[in-house]
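> Have a look at this fold, sequence not included:
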């Protein structure tokens, strides 16, 4: 049977035409999909910029359904869910990303970070800790360590917080020694509160932790104050008094925080004159109302104390000092004294507070860590009236 070359000549053009038609159909389909996906994506982005989050989520869901392999759309959708407080949906989106085998290492780590943020925002601190620990040794390590530090502070796991702070301090990204000193003091507080009576082993451990804190952050007053209070609890009044005096000589700005203890302990030890000279010099350098009140408490007679307070009122019209002055003023009718005292106490109560320099949270006592914003050392050693 002879082979007819005519069929070949006829078939080649037909094959070319069929191939061209098929390629055109594929291109049209690809162009259609490419037009649809960006359209849904940019539609969602437009809604997001106009703060229409519900419509933005619907548009992103549509885009993800059209192209379920697009990781960027998953990240955008998960972030939107988290911002809206829909943490369960955000967690599912990021768990779906982590379950994919086609993700690059970088995208997998990014998904792990997003999942950890979901858990942290939702208040699931144990799961957040586990997720952040998986990021140690990755490019997100510092971010994970800072988040872990925040988690341990919230859960009051001061030992773990100290370990993380040590790692951050060694990384050269900042100074964390003062923070570590606070963690050591917090461990001492927990240790002493857990004991109904001071046991020798507990006291030894507490003193060891406080001395470690003093070596780590000598510029921090907290460890010295805690050590003095512990010594006083043990009946070592002389040692406690000496500890506070050493603190005041090294950090004069800490004097307003320890005035009351110094006055009480100086009376017990008969060292009022030594303390009086110290307070007088400090008051002349900076007219602190706390120092003034302590100095007035060491005067021989109420009249001497009243004169001292009167001299301050001539310089500064302080309501706090006026209230203390009234305590020493002789008034013919006791009812008048009570009424005036009550009115002044009511007016000065807000002025006696301390105010956080970071968030403005006010409190009746001085905090080392702000209860409002959790910032450390954000409370000045001055009352609100003095700010």
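That came through, no problem. Please read these numbers as outputs of a predicted model, since none were measured by experiment.

> name the element the residue nearest to residue 94 when sequence neighbours are not counted belongs to?
Using CB to CB, 6 or more residues apart in numbering and skipping the chain neighbours, the partner closest in space to residue 94 is residue 115 (4.1 Å). From N, CA and C alone the C-beta is placed, and that goes for glycine too. Residue 115 belongs to helix 105-122 when assigned by DSSP states H and E.

> which residues in the stretch 251-387 of the chain form strands?
For the stretch 251-387 of the chain, strands defined by DSSP state E, counting those that start in this stretch occupy the ranges 354-355, 362-363.

> ok now the last one, how far from the chain's centre?
In other words, strand 362-363. Taking CA atoms, centre = their mean, to the nearest Å, one finds strand 362-363 lying 16 Å from the centre of the chain it belongs to.

> Also the first one?
The chain centroid and the centroid of strand 354-355 are separated by 17 Å, computed with CA atoms, centre = their mean.

> For burial, what's the neighbour tally of residue 189?
13 (other CB atoms under 10 Å).

> need the contact list for it.
Taking CB atoms under 8 Å, 6 or more residues apart in numbering as the criterion, residue 189 is in contact with residue 226.

> For the one helix or strand it maps to, give the mean pLDDT please.
According to DSSP H and E, residue 189 maps onto helix 177-193. The predicted model gives helix 177-193 an average pLDDT of 91.

> same thing with stretch 118-125?
For stretch 118-125, the mean per-residue pLDDT is 92.

> try stretch 230-247
The average of the pLDDT scores along stretch 230-247 is 92.

> Which positions in it come out as buried?
Residues 230-232, 237, 240-241, 243-245, 247 are the ones in stretch 230-247 that count as buried (16 or more other CB atoms under 10 Å).

> ditto for stretch 138-157
Judged by neighbour count (16+ other CB under 10 Å), stretch 138-157 contains these buried residues: 138, 140, 142, 144-145, 147-153, 157.

> Just those residues: which are in helices?
142, 144-145, 147-153 (DSSP state H).

> Please tabulate these in JSON lines, including the columns pLDDT and distance to residue 165.
As requested, these are exported to JSON lines (pLDDT from 0 to 100; distance: CB to CB, whole Å):
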{"residue": "142", "pLDDT": "92", "distance to residue 165": "13"}
{"residue": "144", "pLDDT": "94", "distance to residue 165": "14"}
{"residue": "145", "pLDDT": "94", "distance to residue 165": "9"}
{"residue": "147", "pLDDT": "94", "distance to residue 165": "13"}
{"residue": "148", "pLDDT": "95", "distance to residue 165": "10"}
{"residue": "149", "pLDDT": "94", "distance to residue 165": "6"}
{"residue": "150", "pLDDT": "93", "distance to residue 165": "11"}
{"residue": "151", "pLDDT": "94", "distance to residue 165": "13"}
{"residue": "152", "pLDDT": "95", "distance to residue 165": "9"}
{"residue": "153", "pLDDT": "93", "distance to residue 165": "10"}
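
> Which helix or strand in this structure has the lowest average pLDDT?
Here the helix or strand of the chain ranked lowest by mean pLDDT, DSSP states H and E is helix 5-49, holding a mean of 51.

> show me the contacts for residue 222.
When contacts are taken as CB under 8 Å, 6+ apart, residue 222 is in contact with 181-182, 185, 213, 368.

> Can you tell me which of these comes closest to residue 387?
Among the contacts of residue 222, residue 368 lies closest to residue 387 (CB to CB), at 18.3 Å.

> quick one: the closest one from residue 322, how far?
Separation of residue 368 from residue 322 (CB to CB, to the nearest Å): 30 Å.

> One more: residue 209?
Distance from residue 209 to residue 322, counting by CB to CB: 43 Å.

> So for those two, which sits in the more crowded spot?
The residue with more neighbours, out of residue 209 and residue 322, is residue 209; 21 against 18, by other CB under 10 Å.

> so which helix or strand takes in that one?
helix 200-216.
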